[in-house]
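>>> Based on what follows, work out the 3D shape:
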Amino acid sequence: MSRLQKIRQSLAAQPVDGLLVTHPENLRYLSGFSGGEGALLIGADAALLVTDFRYWDQVALEVTEFELWKQGPKLWQSVGEAIQKLGWSRVGFEAGALNYADYASLGTILQGIELIPTTRLIEEIRVVKDEHEIELLAEAERITDHALAATLERIRPGVQEREIALEFDYQLRLNGAEGSSFSTIVVSGWRAALPHGAPSNKEVAVGELLTIDGGALYQGYHADMTRTVAIGKADAKQREIYQIVLEAQNAALDYLKAGLPGRAVDKVARDIIAAHGYAERFGHGLGHCVGLNIHENPRLSPSEPGNIPAGAVVTVEPGIYLPDWGGVRIEDLMVVGEDGIRNLTGSPKQELMEIG
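Reported below is the predicted structural model:
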């Protein structure tokens with residue numbers, strides 16, 4: 001069943017004549033269009049892509065199942081004209097994607113036509129990746145592994161965090177990425193206690209831990225990987241904290257398989273960290289699904305009741321963060337299967353690496 005057929009099947013249970021899709025990732029997922037600016041109109045007998053002149057030739061190259069509706073000067077005027085021609089009286093829209101100003105503009109154009117909010121219709125389909133999506137995610141993660149290895153070779157005491165992040169991003173591009181999945185995190189020394197700290201002009205020094213968290217963006221799909229290394233020779237406490245985090249991650253990986261609640265997988269790793277006395281120093285969820293967005297649902301989190309299905313691709317990233325000391329996080333990217341996982345991440349982690 002094609003993606004268009006799947007969303008039509010979902011729409012059959014909704015009180016709408018058709019669906020307006022404006023979320024860029026959902027637009028790309030359903031149509032293949034990577035331009036990012038436009039809208040889809042999907043009904044039982046309709047599949048239109050509305051976009052402007054800049055993308056008409058691109059649509060011809062990328063899109064097969066949707067008919068191009070050539071946009072005029074204003075997107076919402078063109079969308080409204082298309083809806084009126086389709087004869088729809090009840091139009092579903094993505095509640096999380098259409099802002100109030102655009103909703104008001106569309107409502108003014110579509111006098112007498114009801115706009116009905118919908119939630120997560122497409123996102124629920126996107127959770128389970130097909131073989132092609134998994135191939136793209138695997139390639140994105142392979143690029144990330146290569147970028148990390150090349151970056152680590154260039155790190156020396158005295159190099160700034162910002163310089164390391166720049167090198168990592170350069171290596172992503174050099175190895176085939178179209179960009180970075182998100183702003184690369186590079187934190188060292190006491191700043192490694194900041195789970196999402198932005199790279200600064202701080203220089204890395206011997207005796208510190210350094211955490212790099214980043215990923216390649218490849219054909220729209222996001223990789224995500226974290227490694228923590230020691231600058232120079234690691235001390236006993238650094239090794240101890242690293243081994244606790246690694247133990248927690250390995251236990252979660254051994255446990256993870258399709259059908260388990262996200263909170264149950266999170267608990268496996270969290271209990272190990274808590275048993276070592278660091279419960280309060282692991283304050284984020286264990287992981288999240290990844291795809292056309294860097295953070296997707298369901299998640300591995302104490303608050304996640306949903307099950308992780310076969311075909312989901314999810315991060316597993318426990319951490320311990322100690323103020324004025326530093327932190328450790330280890331993150332891999334997994335394809336979830338019925339009987340276990342396939343790890344897409346190849347960067348070494350079984351021992352705390354010493355560099356510089």
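>>> residues in contact with the residue most central in space within the chain?
The centre of the chain sits closest to residue 294, judged by Cα atoms, centre = their mean, with a distance of 1.4 Å. When contacts are counted by Cβ atoms under 8 Å, 6 or more residues apart in numbering, residue 294 touches 181-182, 215, 222, 224. C-betas here are computed from N, CA, C, even on glycine.
>>> repeat for residue 333
By Cβ under 8 Å, 6+ apart, the residues touching residue 333 are 137, 141, 223-225, 290, 313-315, 343-345.
>>> Distance of the closest residue to residue 55 other than its chain neighbours relative to residue 244?
Closest residue to residue 55 apart from its sequence neighbours, by Cβ to Cβ, 6 or more residues apart in numbering: residue 35 at 4.1 Å. For residue 35, the distance to residue 244 (Cβ to Cβ, to the nearest Å) stands at 46 Å.
>>> cool, residue 134 as well?
From residue 134 to residue 244 the distance is 31 Å (Cβ to Cβ).
>>> Show me the helices in this structure, by range?
3-11, 24-31, 56-62, 75-86, 100-109, 121-126, 131-153, 161-174, 236-255, 262-275 (DSSP state H).
>>> most neighbours per residue, which of these?
Neighbour counts (mean count of other Cβ atoms under 10 Å) averaged over each of the helices of the chain peak at helix 24-31, with a mean of 22.
>>> Quick check: mean pLDDT of it?
Averaged over helix 24-31, pLDDT sits at 97.
>>> could I get it in PDB with only the CA atoms?
C-alpha atoms of helix 24-31 as PDB (Å, rounded to 0.1, in the frame of the first residue of the first chain):
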ATOM      1  CA  PRO A  24       6.900  20.400   5.200                       C
ATOM      2  CA  GLU A  25       8.100  16.900   6.400                       C
ATOM      3  CA  ASN A  26       4.600  15.500   5.900                       C
ATOM      4  CA  LEU A  27       4.400  17.100   2.500                       C
ATOM      5  CA  ARG A  28       7.700  15.500   1.500                       C
ATOM      6  CA  TYR A  29       6.700  12.100   3.000                       C
ATOM      7  CA  LEU A  30       3.500  11.800   1.100                       C
ATOM      8  CA  SER A  31       4.500  13.300  -2.300                       C
END
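>>> now that helix against helix 3-11, angle please.
Going by axes from the mean of the first three to the mean of the last three Cα atoms, to 10 degrees, helix 24-31 is angled at 110 degrees with respect to helix 3-11.
>>> Redo the helices of the chain as TSV? Include distance to residue 193.
Compiled in TSV, the helices of the chain are given as follows (distance: least, Cβ to Cβ, whole Å):
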stretch	distance to residue 193
helix 3-11	42
helix 24-31	32
helix 56-62	44
helix 75-86	45
helix 100-109	39
helix 121-126	33
helix 131-153	21
helix 161-174	14
helix 236-255	11
helix 262-275	15
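>>> that older thread, is it true that the residue nearest to residue 55 touches residue 53?
No: with contact defined as Cβ atoms under 8 Å, residue 35 does not reach residue 53; the gap is 11.3 Å.
>>> Can you give me the domain assignment for this structure?
3-126, 131-355 (automatic domain parsing).
>>> where's the first one relative to the chain centroid, distance-wise?
For domain 3-126, the gap between its own C-alpha mean and the chain's C-alpha mean amounts to 23 Å (Cα atoms, centre = their mean, to the nearest Å).
>>> Repeat that for stretch 307-326.
13 Å.
>>> now that stretch: mean pLDDT?
98.
>>> and the residue nearest to residue 55, how far is that from residue 72?
Distance from residue 35 to residue 72, by Cβ to Cβ: 17 Å.
>>> More neighbours: these two, which one.
Between residue 35 and residue 72, residue 35 has the larger neighbour count (other Cβ atoms under 10 Å), namely 19 against 12.
>>> before we move on, the earlier item: which of the contacts of residue 333 are buried?
When these are checked for burial by 16 or more other Cβ atoms under 10 Å, the buried set is 137, 141, 223-225, 290, 313-315, 344-345.
>>> Among those, which lie within strands?
225, 313-315 (DSSP state E).
>>> you'd agree residue 255 is up against residue 266?
No: with contact defined as Cβ under 8 Å, residue 255 does not reach residue 266; the gap is 10.3 Å.
>>> give me every residue that touches the residue nearest to residue 55.
Applying Cβ under 8 Å, 6+ apart, the residues near residue 35 are 51, 54-55, 58-59.
>>> Check residue 180 too.
By Cβ under 8 Å, 6+ apart, the contact set of residue 180 is 169, 172, 214-217.
>>> any idea how far it lies from residue 96?
24 Å.
>>> which ones are touching residue 338?
257-259, 310.
>>> Looking at the residues you listed, which one is closest to residue 79?
Nearest to residue 79 among the contacts of residue 338: residue 310, at 36.5 Å, using Cβ to Cβ.
>>> Is it correct that that closest one is in contact with residue 336?
Yes: counting by Cβ under 8 Å, residue 310 does reach residue 336; the two are 6.0 Å apart.
>>> any common contacting residues for these two?
In contact with both residue 310 and residue 336: residue 258, using Cβ under 8 Å, 6+ apart.
>>> Looking at those two, which has the bigger crowd around it?
The residue with more neighbours, out of residue 310 and residue 336, is residue 336; 23 against 14, by other Cβ under 10 Å.
>>> what's near enough to touch residue 276?
Contact analysis of residue 276 by Cβ under 8 Å, 6+ apart lists residue 244.
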